[in-house]
Structure formats: structure tokens, C-alpha cells
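S.K.: 3D model of this:
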Amino acid sequence: MQSTQTNAAGEFLFEQVAPGPFTLTFATQGFKTQTTTGELHPGEALTLPNVVLGLTESVSEVRVSADTQIEIAEQQIHIEEQQRVLGVLPNYYVSYDPHPVPLTTKQKFQLAWRSNVDLFNLFLNAGFAGYQQASNSFKGYGQGMQGYGKRMGADTADIFFSDMIGGAIFPSLFHQDPRYFYKGTGTVRSRLGYALSNTVICKGDNMRWQFNYSGILGGLAAGGISNLYYPDSERSDAVVTFEGVGIGLAGAAAQNLFQEFLIKKLTPHAGRNNAP
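M.R.: The predicted model follows:
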């Protein structure tokens, strides 16, 4: 059996071939093998017609395991924890990734905790408590350092319970994602509707849209818990608590609009380092 390789033009030559029937097999990597048969007569110099090899069918299979998704989510969280409006204000709960993956329970708590211990948020609480002290809000707390400490503690507790319940505990129980997923494409009208609808719907851990039980019930729960540490004269009944949730939803709608149309422009490096 003889074998040879073609030149750059695809030509080949066999010399001193015995007369009689023959079979030629053409094969190369990535193409279908092809055979041709014929008969060589004595003294004949045979020229074969052009042979064209077809491409082989290639099937690529990509497997994404649970461990791989966890690693990708970790990269997404790492990016989100670096997002700051004007380089200062934390903007953790927004995903600019076009292909996000769900967070695990541990990662939801990690994001909520990271938001709570952020130094800028702590300074913001301190400043807000000072404003409340100056305007004598929550008179039951009194004045002086003791009154300021109580106001600072109440403000910190409000954010803590809001983040932990609405951003970690309930999202874990209902298998929902607490983040806002930036749309950024489409008409202004479609993006407007998307931002507003995200106050009452959210993505589940299956990446499908569903009613936002976590955010709404989380607001109710956080409002109810706040009655445990606010002065008696400042505590709200059930009606006021529900009104507070309504105000919270209106605030969330406004925040979503800012996220969709403005905040990305004010957030350095937002969306430039998406996880693979």
C-alpha cells in the first residue's frame, strides 16, 4: 500500500503503480474521508478528476456545573462590590452583566453584610442621625450624646434589617434575586416600563420573572421590627406600616429609574468587567 501527501495546490503523484484495479483513500483532519476506485491499464498515465472533501460534523458540548456557577457568581459579586456612584456611594445591588447567574444563599448574605459594613453607609447614618438630633426628630430619644447614639443605632438598625430581611433572608426563602438587572437597551418607553415594573417583580433563582415577595414582605417585616426600638410615641400601627411599604415602593420605583437612565453613567467602570 502506497501513501503520499498533496502539495500546496492539492496535487499528488504515484509512480510505478502496477496495472489493475485500485482504490484511493483521501483523508485529512477536520474533513470527511472519501474513497475513489478505478482501473489502471498497462502503460497508462491516469489523471483523476478533482476530489473535494466535505467538512465533518462537529458537536461542541459545554457543561456548566453548580460549582462553576458559584464561581461565576463570586466574580459578579466582586465586581458589584466595587461599583460606587461618583466613586463614593455604594451601588452593590445592581448587575450590569448581560448574562447573570443566580446567587447562593451564602452569597446573598455576603452581599447584604458587605453593604451594611461599608464605611460610607456608616458615615451616612452618622450624618443623618446628626440631622435628626438637630431637628429633634424622635423626641423620645432625648438630646445629648445618649440621644444621638439612640438615633444612630435606630438608623443603622433600619438599614440592617432592611438589607438582611429584604436582601438575604426572604430572597433565600423564596429563591429570588435581590438585585436590579440593568436593561440598558430598547426604547425609552420600554426601559421606563421595565424599571417601574421591577418594583413589584424580580428574577427568581431560576432567572425567570416572578412577583417580588422578598422585597414587599421584607419591607413589611422591617417596618414591624422597627417598632421594637423606636420611642413609644413614634411607633406605628399596622395601617402606618403598610403606608410605609407603599412609600418604600414609590422610592424603589424612583431608584430604579435613576439606575436605568442615570446612575451607570456616574459609576466608574460599571459594566466593563463582566464575569464570563
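S.K.: now do the helix or strand hosting Arg151: distance to the chain's middle.
M.R.: Using DSSP states H and E, Arg151 falls within helix 144-164. In terms of C-alpha atoms, centre = their mean, to the nearest Å, the centre of helix 144-164 is set 31 Å apart from its chain centre.
S.K.: what comes into contact with it?
M.R.: In this structure, residues lying in contact with helix 144-164 by C-beta atoms under 8 Å, 6 or more residues apart in numbering are 109, 112-113, 115-116, 121-122, 125-126, 128-130, 132-133, 137-138, 141-142, 218-219, 221-222, 225-226, 229-230. Placement of C-beta: from N, CA and C, glycine included.
S.K.: what about burial for those residues, which qualify?
M.R.: The neighbour-count test (16 or more other C-beta atoms under 10 Å) marks 109, 112, 115-116, 121, 125, 128-129, 132-133, 138, 141, 218-219, 221-222, 226, 230 as buried among those.
S.K.: name the nearest residue to Pro90, sequence neighbours excluded.
M.R.: Closest residue to Pro90 apart from its sequence neighbours, by C-beta to C-beta, 6 or more residues apart in numbering: Asp118 at 5.0 Å.
S.K.: which ones are touching Gln132?
M.R.: Applying C-beta under 8 Å, 6+ apart, the residues near Gln132 are 138, 151, 155.
S.K.: which ones among the buried ones among the contacts of helix 144-164 lie within helices?
M.R.: Among these, DSSP state H puts 109, 112, 115-116, 121, 125, 128-129, 132-133, 218-219, 221-222, 226 in helices.
S.K.: from Val101, how far out is Lys203?
M.R.: 11 Å (C-beta to C-beta, to the nearest Å).
S.K.: try Ala270
M.R.: Distance from Ala270 to Val101, by C-beta to C-beta: 18 Å.
S.K.: over to Ile79?
M.R.: From Ile79 across to Val101, the span is 13 Å (C-beta to C-beta).
S.K.: any weak-confidence spans in the stretch 101-250 of the chain?
M.R.: 234-245 (pLDDT under 70).
S.K.: send the alpha carbons of stretch 12-28 over as CSV?
M.R.: Provided in CSV are the C-alpha atoms of stretch 12-28 (Å, rounded to 0.1, in the frame of the first residue of the first chain):
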residue,chain,number,x,y,z
PHE,A,12,-0.1,14.3,-5.8
LEU,A,13,1.6,11.6,-7.8
PHE,A,14,2.1,7.9,-7.6
GLU,A,15,4.9,6.3,-9.7
GLN,A,16,5.4,2.7,-10.7
VAL,A,17,1.9,1.6,-9.9
ALA,A,18,1.1,-2.0,-11.1
PRO,A,19,-1.8,-2.2,-13.7
GLY,A,20,-5.2,-3.3,-12.4
PRO,A,21,-8.0,-2.2,-10.1
PHE,A,22,-7.1,0.4,-7.4
THR,A,23,-8.7,2.2,-4.5
LEU,A,24,-7.6,5.7,-3.4
THR,A,25,-8.5,7.0,0.1
PHE,A,26,-8.4,10.7,0.8
ALA,A,27,-8.3,11.8,4.4
THR,A,28,-7.3,14.8,6.5
